[in-house]
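**Q** sequence plus the predicted model coming up.
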Amino acid sequence: MENIIKNNLTILVEDANGIDKQVQSLCYSLNYQKVKVFASNGKARNNIGKWEVENVKVAPDTKGFNFYAAKDLEMAKNADYGFMI
């Protein structure tokens, strides 16, 4: 995380409880602003720093794994680097 911040890279994170929320909390506590939150249909469950929300469109009939995997796929398309926990 230190190198990400030192290099002023944008952090792409999802909006789930758990590790996503913890990463957001860390960014917020460090006052790091280069964060983008990926949310299904633009409705972020967690956006602690009120950062930009990336709207990942998901069809209304999509459920379960496929609903959440859509964000993973979109983040992978937008990322130059990845750090998965």
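**A** That came in fine, so what should we check first?
**Q** the residue minimising distance to the centre of the chain sits in which helix or strand?
**A** The centre of the chain sits closest to Val13, judged by Cα atoms, centre = their mean, with a distance of 1.9 Å. Using DSSP states H and E, Val13 falls within strand 11-14.
**Q** count of residues packed around Lys63?
**A** Neighbour count of Lys63, defined by other Cβ atoms under 10 Å: 10. (C-beta placed from N, C-alpha, C; glycine too.)
**Q** next up, phi/psi of Asp72, please.
**A** In terms of degrees, to the nearest 10, the main-chain angles of Asp72 are phi -60, psi -50.
**Q** who are the contact partners of it?
**A** Going by Cβ atoms under 8 Å, 6 or more residues apart in numbering, Asp72 touches Glu14.
**Q** just the pLDDT for it.
**A** Here, the pLDDT recorded for Asp72 equals 92.
**Q** got it, and Phe83?
**A** At Phe83, the model reports a pLDDT of 82.
**Q** with Lys36 instead?
**A** With respect to pLDDT, Lys36 has a value of 98.
**Q** surely it is within a strand?
**A** Yes: with DSSP: H, G, I helix; E, B strand; the rest coil as the criterion, Lys36 is located in a strand.
**Q** what about it, neighbour count?
**A** Count around Lys36 with other Cβ under 10 Å applied: 14.
**Q** which residues sit in contact with it?
**A** 10-13, 51-54.
**Q** could you do Glu54 as well?
**A** Counted by Cβ under 8 Å, 6+ apart, Glu54 has contacts 12, 36-39, 74, 78.
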